[in-house]
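J.: coords below, sequence missing:
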Ligand SMILES: [Zn+2]
């Protein structure tokens, strides 16, 4: 209780400071979603961005120095996910590690407790109860072009939301039994459908083959589609769209069809 009171006071003080207006240049340049938002949403996104930048520890890896522009570009994309519900500002994530480009790290799948580096170079990774790792070149190219349909920042932070309840199972904590059971039913059915389509090499390109690995990957990819290709997601997986809209308390399709 005391901690949460202190935290809210710190946030209030932070937001009472003048907004660093130069951040708008970075957001304008690198976060294409920003222009789609209504003006109150833009203000909210600025606030969330400030909180995420202040509360996370930002570290460069592989010789990269994390600039203010990088922090703003990453935090503003993650902030899109918190516009409807703040989800505790990704409270469990203390560190964001930024690499210049694709990187290899020890991975859970490859026994990541030991020191062997992953065989596969990664653009992002979300460590359970740990940091988010991101490749800056990928963050930048997807931030400027949501039409690509993929977004590594949204993907990795979606994993972190999934981890909050202690399980990496594609079902984040929803705080509602009925919604949770519907979620499992719908997401699992769609996940299995996707796995079958991948096996037949006829999958919907909204989802990658990687999202057939498990339900957690499917949820992370569905979140990317929700924010980057909402029209296609709603058209082809309308129940998944509706569940994500209930969870994020957002309707990103409105951003794309225009409501200003
Ligand atoms: Zn993933």
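T.: It's in. Please read these numbers as outputs of a predicted model, since none were measured by experiment. Numbers count the residues shown, from 1 in each chain.

J.: can you give me the helices for this protein?
T.: In the chain, the helices defined using DSSP state H lie at 2-16, 22-30, 39-55, 68-80, 136-144, 152-163, 177-199, 215-228, 230-236, 238-248, 253-257.

J.: Report pLDDT for the most centrally placed residue in the chain.
T.: Centrality entry for the chain: nearest residue to the mean C-alpha point is residue 154, 2.1 Å, by C-alpha atoms, centre = their mean. Residue 154 carries a pLDDT value of 98.

J.: I figured it hits residue 229, correct?
T.: No. In this structure, residue 154 is not within contact of residue 229 by C-beta atoms under 8 Å, at 11.5 Å. Every residue, glycine included, has its C-beta placed from N, CA and C.

J.: what does the worst-scoring helix or strand of the chain on mean pLDDT rub up against?
T.: The helix or strand of the chain with the poorest confidence is helix 2-16; it has a mean of 90 (mean pLDDT, DSSP states H and E). Contact with helix 2-16 is made by 47, 50-51, 54, as judged by C-beta atoms under 8 Å, 6 or more residues apart in numbering.

J.: got it, and stretch 192-200?
T.: 203-204, 207, 209, 211-212, 218.

J.: Among these, name the buried ones.
T.: 203, 207, 211-212, 218 (16 or more other C-beta atoms under 10 Å).

J.: wait, which of the residues you listed is closest to the ion?
T.: Using C-beta to the ion, residue 211 is the member of the buried ones among the contacts of stretch 192-200 that lies nearest the ion, at 8.0 Å.

J.: and the closest one, what pLDDT?
T.: So, for residue 211, pLDDT stands at 93.

J.: give the contact list for residue 249.
T.: Counting by C-beta under 8 Å, 6+ apart, residue 249 has contacts 84-85.

J.: Tell me the spacing between it and residue 194.
T.: 25 Å (C-beta to C-beta, to the nearest Å).

J.: repeat for residue 142
T.: 21 Å.

J.: Out of the helices of the chain, the one nearest the ion is which?
T.: helix 215-228 (4.6 Å).

J.: so what does that closest one touch, helix or strand wise?
T.: helix 152-163, helix 177-199, helix 230-236, helix 238-248 (3 or more C-beta pairs under 8 Å, 6 or more residues apart in numbering; DSSP states H and E).

J.: can you do 6 Å?
T.: For helix 215-228, the packing partners by 3 or more C-beta pairs under 6 Å, 6 or more residues apart in numbering; DSSP states H and E come out as helix 152-163.

J.: quick one: is the helix it packs on near the ion?
T.: No. If you take C-beta under 5 Å from the ion as the test, helix 152-163 misses the ion, and the best it gets is 5.6 Å.

J.: Specify the angle between that helix and helix 68-80 in degrees.
T.: Here helix 152-163 points in a direction 50 degrees away from that of helix 68-80 (axes from the mean of the first three to the mean of the last three C-alpha atoms, to 10 degrees).

J.: gap between helix 152-163 and the chain center?
T.: 4 Å (C-alpha atoms, centre = their mean, to the nearest Å).

J.: can you check stretch 73-80 too?
T.: Here stretch 73-80 shows a centroid-to-chain-centroid distance of 8 Å under the convention C-alpha atoms, centre = their mean.

J.: contacting residues around it?
T.: Here stretch 73-80 makes contact (C-beta atoms under 6 Å, 6 or more residues apart in numbering) with 26-27, 30-31, 33, 45, 48-49, 52-53, 139, 143, 153, 157, 227.

J.: Mind telling me the two of those farthest from one another?
T.: 53 and 227 (19.9 Å; C-beta to C-beta).

J.: More neighbours: which of these two?
T.: residue 227 (23 against 20; other C-beta atoms under 10 Å).

J.: Just confirm that one contacts residue 154, I think it does.
T.: Yes. The pair residue 227 / residue 154 is scored as a contact, 5.4 Å apart, by C-beta atoms under 6 Å.
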